[in-house]
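> Sequence first, predicted model second:
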Amino acid sequence: MTRLQANFVLLLAGAMWGMGFVAQSTAMDAIGPFFFIGLRFLLATLVILPFALRESGRAKATLSRSSWLAFAWIGALLFASSATQQVGLMTTTVTNAGFLTGLYVVMVPLFAVLLFRTWPHPVVWPAAITAVVGIWLMSGGTLTALVVGDWLNVAAAAFCALQLIFIGRAAAPTGRPVTLAVTQFAVCGVLGLGAAFVLEPVDWNAVRLALPEILYAGIFSGGAAFTLQVIGQRYTTAPQAAIFLSSEAVFAGLFGALLLGERLPASGLLGCLLIFGAIIAVEVLPAVLRQRSAANP
């Protein structure tokens, strides 16, 4: 897979997440956040497991214990990100949640430098800031007074950034992206159900009421989108992947207009343009700068 194809895969994942944000929010009308997370990711495990078994059957070498531990750690980060975002949605607005979770775009290159001294291409920094400004404009250009749910969404952004970084470090060396995806789903699902049985009144009748949201979040924005994310990250860096995945905000606005009749104000349209500008910048500028450097040694 070329880097261009990988970036298209990441855009597709962003589109699926954008459509799934409404499902995550409306599901809370019928079901607890941890129960929803557990069911969502166990369903994702079942959907993607056949592809992981096929991948394992074709693999030339078995995975080491350290690889399995890395996969499980990524699953724990996925649970932390999903749980803080899902619980946060109960006490904050979708507008605030959309912007604050999008802060992972800036956190990824920052954490990569702090944790591993991995410096991204210089174009990533202005592109990341541009993408965050675009997300902010799409969220309305304002934030209401910060409440507990807002800070939980900031924590979700941090866990999401760490997940992106560790996927980038594990997906390419092992060559088993689908196995990584299934492992993180299984870990996240088990942790979600465990937390639900401890912290929530588990009502199985609520599953029927939230079934459409569970099916979409499990099969598409869960199983398919997160698997595409892992596959795409084999061929690009975590900071660049974060910028492409920030297209989630653009697709959320698009699907809101198409399915719910919502309309973006002029500031929201400007935000869309800024996000797409950031995506084009990280795709085109590094290659242009390399060509100029080669032409003028």
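Sure, I can see it.
> buried set for the lengthiest helix in the chain?
Secondary structure of the chain per DSSP state H: the longest helix is helix 266-295. By neighbour count on 16 or more other Cβ atoms under 10 Å, the buried set for helix 266-295 is 268, 270-272, 274-275, 278-279, 281-283, 285-286. (Glycine included, C-beta is placed from N, CA and C.)
> before we move on, what about stretch 1-16?
For stretch 1-16, by 16+ other Cβ under 10 Å, it's 6-16.
> Now, those that are in strands?
Among those, none falls in strands (DSSP state E).
> possible to save the residues you listed as a markdown table with pLDDT and distance to Pro212?
As requested, the buried residues of stretch 1-16 are exported to a markdown table (pLDDT from 0 to 100; distance: Cβ to Cβ, whole Å):
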| residue | pLDDT | distance to Pro212 |
| --- | --- | --- |
| Ala6 | 87 | 31 |
| Asn7 | 83 | 31 |
| Phe8 | 87 | 28 |
| Val9 | 90 | 26 |
| Leu10 | 89 | 26 |
| Leu11 | 85 | 25 |
| Leu12 | 89 | 21 |
| Ala13 | 89 | 21 |
| Gly14 | 85 | 22 |
| Ala15 | 83 | 19 |
| Met16 | 86 | 15 |
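> can these go into TSV with extra columns for distance to Val190?
Converted to TSV, these look like this (distance: Cβ to Cβ, whole Å):
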residue	distance to Val190
Ala6	30
Asn7	32
Phe8	32
Val9	27
Leu10	27
Leu11	30
Leu12	27
Ala13	23
Gly14	27
Ala15	28
Met16	23
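> mind listing which of the residues you listed are in helices?
Those of the buried residues of stretch 1-16 mapping onto helices are 6-16, per DSSP H.
> In this structure, where is pLDDT below threshold?
Across the chain, the ranges flagged by pLDDT under 70 are 21-22, 25, 93-99, 139-146, 252-253, 255-264, 287-291, 293-297.
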